[in-house]
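>>> can't give you the sequence, but here's the structure:
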């Protein structure tokens, strides 16, 4: 079992930055790929980014490529999402996700979800 708890959301002006954290509990955290999804009001949940269990591979949605960076600290059982150059269209609830493989996360085949953290970008 893996439990995921996100933090770091908030209100920021366009062009600003935020860093989200996802703290994981469970002995098998290091063997899971991790990722982030987001859901804006009235829209479906969409994939944002994923990282392999080792941290050696990452994948990004085109909409965030070059602005967002995912990383993980296995010793701290934590995954981070650094978001720079934020835009109003980045406003959403951001969810942390875990699955056995990076490709599973990209495909939406997630085993565990966090409760979500709100990110609001004002224009």
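Perfect, thanks for sending it. Note that the coordinates shown come from a computational prediction; the quantities given were computed from them, not determined experimentally.
>>> could you pull out the helices for this protein?
Per DSSP state H, the chain carries helices over the ranges 102-106.
>>> and the nearest residue to residue 86 once chain neighbours are set aside, how many neighbours?
In space, and not counting its chain neighbours, residue 86 is closest to residue 121: 4.6 Å by CB to CB, 6 or more residues apart in numbering. No exception for glycine: its C-beta is placed from N, CA and C like everyone else's. Residues near residue 121, counting by other CB atoms under 10 Å, number 19.
>>> then residue 68?
Neighbour count of residue 68, defined by other CB under 10 Å: 20.
>>> on the pLDDT front, check it for me.
pLDDT recorded at residue 68 is 98.
>>> against residue 94, how distant is it?
Applying CB to CB, to the nearest Å, the value for residue 68 to residue 94 is 10 Å.
>>> what's the overlap in contacts for those two?
By CB atoms under 8 Å, 6 or more residues apart in numbering, residue 68 and residue 94 have these common neighbours: 48, 81.
>>> is it true that residue 23 touches residue 2?
No. Look at residue 23 against residue 2 with CB atoms under 8 Å: they stay out of range, at 10.8 Å.
>>> who has more neighbours out of these two?
Between residue 23 and residue 2, counted using other CB under 10 Å, the more crowded position is residue 2 (19 against 16).
>>> just to revisit the earlier point, give the contact list for the residue nearest to residue 86.
Going by CB under 8 Å, 6+ apart, the list of residues near residue 121 reads 11, 12, 13, 14, 16, 86, 87, 88, 89, 90, 91.
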